[in-house]
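Trainee: coords please:
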Amino acid sequence: MTHAIASLSDIAQRYDAVLSDVWGVVHDGKAAFPEACAALQRFRAEHGPVLLLSNAPRPGEEVVKLLDQVGVPRGAYDGILTSGDATRAEMVRRGASAFHHIGRDIDRTVWAGLPAREVQLTSAEFILCTGLFDDERETPDDYADTLAQAREAKLSMICANPDIQVHRGTKLIWCAGALAAAYEKLGGEVIYFGKPHPPVYDQALKQLGEMKPGLDAAKILMIGDGLRTDILGANRVGIDALFITGGIHGEQFADSEVNVAAALAEQELFAAAHMPRLKW
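Mentor: Residues are numbered from 1 along each chain as shown. Purely as a prediction, here's the structure:
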């Protein structure tokens, strides 16, 4: 059964490496969480490597730039792996394929320099979804016609960010996962890259093993605020999870009387421990 802890230091001695979610744990899209960053720095200094695992639909080197901008110190992590990295690898595999992109211009780095061709929906072989075009104003309902046309054409969708929503400051914004879910409801095929799907965790564990040879998976801790991404993904690959209740599910767990263990069990999930915000 999960138990409440006051700080990461309460359980840190059990682990030799950390996988940490980014958005909602380390920053809110606008500013870093200083205590969370300090906790990861302390873990690195005393226990082992920290690999950030993000569902950002852009390559890791682009996300590092964002982390710099919002004030996350590079000393808080040893590396970063994103769903954008996994998506780019798939785009490389598909070669000079024709795709229709749904998402912001900033996400175009996921195929920059590759032979894949962006085309109109009517000429596409598949859809690449990295998010909404205007995630500050639009909702998945705005894409009903586009998704219906794609389903009629029997196009598959690559979802480069399985998140449904994230916080940007205090505002909730829709992500690619919401469009993917809507497309699946229409009967469309969706191929996901990122948490909670095992391939990205397998790659993450491989990278941690390279950082710390001989690392035992039983001594890896996943820290995340997303039940259906971070916690489910950790459960699927058999590593411990620390659930940050004050992130994307903050409203649900704002009442201290809420039984976190029961809420996890209801979704058939397990976390070794939980706390409102990451700190040492």
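
Trainee: what pairs with the helix or strand containing Leu51, parallel or antiparallel?
Mentor: According to DSSP states H and E, Leu51 maps onto strand 50-54. Sheet pairing of strand 50-54 (DSSP bridges) gives strand 17-20 (parallel), strand 79-82 (parallel).

Trainee: quick one: average pLDDT of the first one?
Mentor: Right, the one you point to is strand 17-20. Across strand 17-20, pLDDT averages out at 98.

Trainee: show me how far it is from its chain's centre.
Mentor: 13 Å (CA atoms, centre = their mean, to the nearest Å).

Trainee: CA atoms of the strand holding Leu51 as CSV?
Mentor: Once non-C-alpha atoms are left out, strand 50-54 reads as follows in CSV (Å, rounded to 0.1, in the frame of the first residue of the first chain):
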residue,chain,number,x,y,z
VAL,A,50,18.5,11.4,-12.7
LEU,A,51,17.1,10.9,-16.2
LEU,A,52,14.1,13.2,-17.1
LEU,A,53,11.4,11.4,-19.0
SER,A,54,9.1,13.7,-20.8
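
Trainee: just put the strands paired with strand 50-54 in CSV and tack on mean neighbour count.
Mentor: (Glycine included, C-beta is placed from N, CA and C.) Below are those laid out as CSV (neighbours: other CB atoms under 10 Å):
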stretch, mean neighbour count
strand 17-20, 26
strand 79-82, 22
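
Trainee: below-threshold pLDDT in the chain: ranges please.
Mentor: 256-257 (pLDDT under 70).

Trainee: pick out the residue nearest the middle of it.
Mentor: The residue lying closest to the centre of the chain (CA atoms, centre = their mean) is Asn55, at 2.8 Å.

Trainee: relative to Ala150, how far out is the residue lying closest to it once chain neighbours are set aside?
Mentor: Spatial nearest neighbour of Asn55, chain neighbours left out: Gly194 (4.2 Å); criterion: CB to CB, 6 or more residues apart in numbering. Gly194 sits 20 Å away from Ala150, going by CB to CB, to the nearest Å.

Trainee: neighbour count: those two, which is higher?
Mentor: Remark: of Gly194 and Ala150, Gly194 carries more neighbours, 29 against 23, as counted by other CB atoms under 10 Å.

Trainee: tell me where the stretch 101-250 of the chain has strands.
Mentor: 117-118, 126-129, 156-159, 165-168, 171-174, 190-192, 220-224, 240-244 (DSSP state E, counting those that start in this stretch).

Trainee: what pairs with the second one, and is each one parallel or antiparallel?
Mentor: Its sheet considered, strand 126-129 pairs with strand 98-102 (parallel), strand 156-159 (parallel) by DSSP bridges.

Trainee: buried residues of the first one, list them for me.
Mentor: With burial defined by 16 or more other CB atoms under 10 Å, the residues of strand 98-102 counted as buried are 99-102.

Trainee: with the shortest one instead?
Mentor: Buried positions in strand 156-159, judged by neighbour count with 16+ other CB under 10 Å: 157-159.

Trainee: Gly226: which of the residues you listed is nearest?
Mentor: Cys159 (14.9 Å; CB to CB).

Trainee: what residues are up against the closest one?
Mentor: 129, 176-177, 179-180, 190-194 (CB atoms under 8 Å, 6 or more residues apart in numbering).

Trainee: across the sheet, point out what pairs with it.
Mentor: Where Cys159 sits in a bridge, its partners, by DSSP bridges, are Cys129, Tyr192.

Trainee: hang on, the earlier thing: could I get the buried residues of strand 98-102 as TSV with distance to Gly224?
Mentor: Shown next, in TSV, are the buried residues of strand 98-102 (distance: CB to CB, whole Å):
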residue	distance to Gly224
Phe99	30
His100	31
His101	28
Ile102	26
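
Trainee: show me where the stretch 1-150 of the chain has helices.
Mentor: Taking DSSP state H, counting those that start in this stretch to define them, one finds helices in the stretch 1-150 of the chain at 34-46, 60-70, 83-94, 144-152.

Trainee: do you know which of those lies nearest Gly214?
Mentor: helix 34-46 (17.9 Å).

Trainee: what packs against the closest one?
Mentor: Packed against helix 34-46 by the contact rule (3 or more CB pairs under 8 Å, 6 or more residues apart in numbering; DSSP states H and E) you find strand 17-20, strand 50-54.
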